[in-house]
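Colleague: Requesting a structural model of the entry that follows:
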Amino acid sequence: MLLRRREFVTSTGAAIAFAFFVPGHEAFGGAEMFGLIGKIRAAEGKGEDLVKILLEGTGDMPGCLSYIAAKDTGDADAIWITEVWESKEYHQASLKLPQVQRAISKARPMIAGFGERFETEPVGGQGFTTK
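Modeller: Sure thing, here's the model as predicted:
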């Protein structure tokens, strides 16, 4: 496929704009954003209770742009957690927050195990905002 000069300049300009103006991008001078998607298996019949506890500890977590707990439509005892953080360091620091430690302690007896875990680098989308 042959690109005309105007198409080349436009696409190159867009790539450069992305590299320098998207918050969190390395060229912008910030750390890369950090995303985490993980599956938690609740003890049988404890999914609803576990979700409530997981959401209790999410009120004020510096650097957290999004924390979503979702029911698995095919498994009543599975919960998916989707997180977006300004950086991996913010995520690590959140695990030491008192409210998060309390939620972990309360939730631990209701957790049967863990499933898939994926680390991501969020870049944008519907509802996506940065601080």
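
Colleague: quick one: average pLDDT of stretch 98-115?
Modeller: For stretch 98-115, the mean pLDDT works out to 94.

Colleague: For the remainder of this discussion, apply numbering that starts at 889.
Modeller: In the new count, where the first residue is 889, that last one comes out as stretch 986-1003.

Colleague: now the helices: where do they sit in the protein?
Modeller: Taking DSSP state H as the test, the helices found in the chain are 893-909, 935-944, 976-982, 986-995.

Colleague: So for the third one, what gets flagged as buried?
Modeller: What it means is helix 976-982. Within helix 976-982, the residues scored as buried using 16 or more other C-beta atoms under 10 Å are Lys976, Tyr978, His979, Ser982. Backbone N, C-alpha and C define where each C-beta goes, glycine included.

Colleague: Return the member of the residues you listed nearest to Thr946.
Modeller: Distance to Thr946, by C-beta to C-beta, is smallest for Ser982 among the buried residues of helix 976-982, at 9.0 Å.

Colleague: Just the pLDDT for that closest one.
Modeller: Per the predicted model, pLDDT is 94 at Ser982.

Colleague: Just list whatever residues bridge to the residue positioned nearest the centre of the chain.
Modeller: Taking C-alpha atoms, centre = their mean, the centroid of the chain lies closest to Glu971, which sits 2.1 Å from it. Judged by DSSP bridges, the bridge partners of Glu971 are Leu924, Tyr955.
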